[in-house]
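Colleague: What would the 3D arrangement of this be:
(one chain, ligands or ions: 1)
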Amino acid sequence: MANKLIDIVNISKSFGDNLVLDNLNLYIRQNEFLTLLGPSGCGKTTLLRILGGFESADHGEIIFEGKNINSLAPNKRKLNTVFQKYALFTHMTIAENIAFGLKIKGKTSSYISDKIKYALKLVNLDGFENRMPDSLSGGQQQRVAIARAIVNEPKVLLLDEPLGALDLKLRQDMQYELIRLKNELGITFVYVTHDQEEALTMSDTIVVMNQGYIQQIGTPEDIYNEPQNAFVADFIGESNILSALMVEDKLVKILGVDFPCVDIGFGKNRPVDAVIRPEDVELVTPDKGILQGIVSHLIFKGVHYEMEVEANNFTWLVHSTDMFPVGTNVGIYVDPYNIQIMKKPKTEDAEAVGVEE
Ligand SMILES: Nc1ncnc2c1ncn2[C@@H]1O[C@H](COP(=O)(O)OP(=O)(O)OP(=O)(O)O)[C@@H](O)[C@H]1O
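Modeller: Model (predicted):
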C-alpha cells in the first residue's frame, strides 16, 4: 500500500449554528484517486477548501507529509485546486492564463514556455497557446484550468466538481481524460462530486459523506456491493429501503410481517434498515408470497421490466424479466440472503429510542 500523504485528524467546522463537518478523520495515500461523494450541502467542498487552505477548521489538524499545515497559506501548500467554474482570465490568451502563476513566482520565460507546452500537451490542447478562453468549449476551458494547476507541479490536485458544468457526453470523455492524466502525472487527486456514477468510474477510494459525517470509505466495489447503511445503499444505485425491526437472529419484521433473513448479532427488537435491491424482489402467485400486493406500474426497459407493486402501504420497486400487467395480484418473496440488514445511518442513531442492545 502506498504511503500516507495527507492525514485529516478530528476536523470539525461550523458556520454559525450549522455544524458542517463533525470530527472527521480520513487519510489520503500517495497516487490515490480519492473521491468525496455526497448530496449537496454535506460538507464536501468545505473539506476540500480546508485542505487547500481557503478555509480554516474550528478543530483538528491537516497533516501533509507528516507536518501540520493548518496555518500554511494556499500558495505555500503543495496542493492545487481546480474549481467547477474554470475561472480563466478572459482578457488573456490560453498561454498567458497558464503562465500567470509562474510569472508571479518569478520563473524565467524559457521555463514558462516549456511548462506551457508540456501542460497543453498533457491535456490534449497542443497549439492552443494563442487562443482566447471564450473561443474554447466548456470542456476545453476546463482542461486549461487543469493545465494551469499542473504547471505548479503540485503533489495533490484538489478538484471541486470540475466536470459539473459540462454536458453528459463531454463529462464522460473528460472522466477518462482525468484518469489518464492522473496516471501520467503520478500524483494524488482529491475529487469532489455528487454524481455516484462519476465516483464509481474514476476512483480508487470513495468517501461517502452525509450531513458532515463519513458514512463509508471503500473501493467502488465495496461501496456498491456492501453498503454499510441505508443511506449509502440509497445513494449508490436503486434499492427498496424499509424501516424494520430485528425480531431475533435471522428474523426481521418488515411492514408488519416476519421475513427470514441471514443476519445475526443486531440484538432483539432493534430498529434497523432492511435494504432489498429491485432485482432481488421475486414476484410469485399470491399464496406463495410473504406479502401480497398489486402491480401498479410497469415499464419495459429492454433488459428487464421495471414494476411497482403496492403492498402493505409501501411501493416496492421490482426488476424482473417476467412481465406482470398493471392490476395483477402478486405475492412478494425475497430470498433470505438478499435482505441486507443495516444499522441506521449515524445521523439517525438518536431516533432509535428504546433500543435494546
Ligand atoms: N462560507 C460559508 N458561510 C456559511 N455557510 C456555509 C459557507 N460555506 C458553506 N456553508 C454551508 O455549509 C454546508 C456545506 O456546504 P458545502 O459547500 O461544503 O457542501 P457540498 O457538499 O460541497 O455541497 P454542494 O455539492 O452543493 O457544493 C452548507 O449548508 C452550506 O450552506
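
Colleague: Run through the residues that contact the residue of the stretch 151-300 of the chain found nearest the ligand.
Modeller: Nearest residue of the stretch 151-300 of the chain to the ligand, counting by Cβ to the nearest ligand atom: residue 194, 4.9 Å away. Quick note: C-beta positions are derived from backbone N, CA and C, even for glycine. By Cβ atoms under 8 Å, 6 or more residues apart in numbering, the contact list for residue 194 reads 37, 38, 39, 40, 44, 161.

Colleague: Go through those residues and flag which are in helices.
Modeller: In helices, judged by DSSP state H, the following of the contacts of residue 194 are found: residue 44.

Colleague: if we can go back for a sec, report pLDDT for the residue of the stretch 151-300 of the chain closest to the ligand.
Modeller: At residue 194 the predicted local confidence, pLDDT, stands at 90.

Colleague: Next, give phi and psi for it.
Modeller: With angles defined as degrees, to the nearest 10, residue 194 sits at phi -110, psi 10.

Colleague: cool, residue 313 as well?
Modeller: For residue 313, the backbone dihedrals are phi 60, psi 30 (criterion: degrees, to the nearest 10).

Colleague: Could you give the number of residues near the residue nearest to it when sequence neighbours are not counted?
Modeller: Spatial nearest neighbour of residue 313, chain neighbours left out: residue 255 (7.1 Å); criterion: Cβ to Cβ, 6 or more residues apart in numbering. The local packing of residue 255 (other Cβ atoms under 10 Å) involves 17 other residues.

Colleague: Could you pull up phi and psi at the residue lying farthest from the centre of the chain?
Modeller: Of all residues in the chain, residue 287 has its C-alpha farthest from the mean position, at 41.9 Å, by Cα atoms, centre = their mean. For residue 287, the backbone dihedrals (degrees, to the nearest 10) come out as phi -70, psi -20.

Colleague: Pull whatever helix or strand residue 243 lives in out as PDB, backbone CA atoms only.
Modeller: Per DSSP states H and E, residue 243 falls inside strand 240-248. What follows is strand 240-248 as a C-alpha-only set of coordinates in PDB (Å, rounded to 0.1, in the frame of the first residue of the first chain):
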ATOM      1  CA  ASN A 240     -36.100  -0.700  -1.600                       C
ATOM      2  CA  ILE A 241     -35.200   0.600   1.800                       C
ATOM      3  CA  LEU A 242     -37.600  -0.300   4.600                       C
ATOM      4  CA  SER A 243     -37.500   0.700   8.300                       C
ATOM      5  CA  ALA A 244     -37.600  -2.600  10.000                       C
ATOM      6  CA  LEU A 245     -37.300  -4.300  13.400                       C
ATOM      7  CA  MET A 246     -34.900  -7.200  14.100                       C
ATOM      8  CA  VAL A 247     -37.300  -9.700  15.900                       C
ATOM      9  CA  GLU A 248     -34.500 -12.100  16.700                       C
END
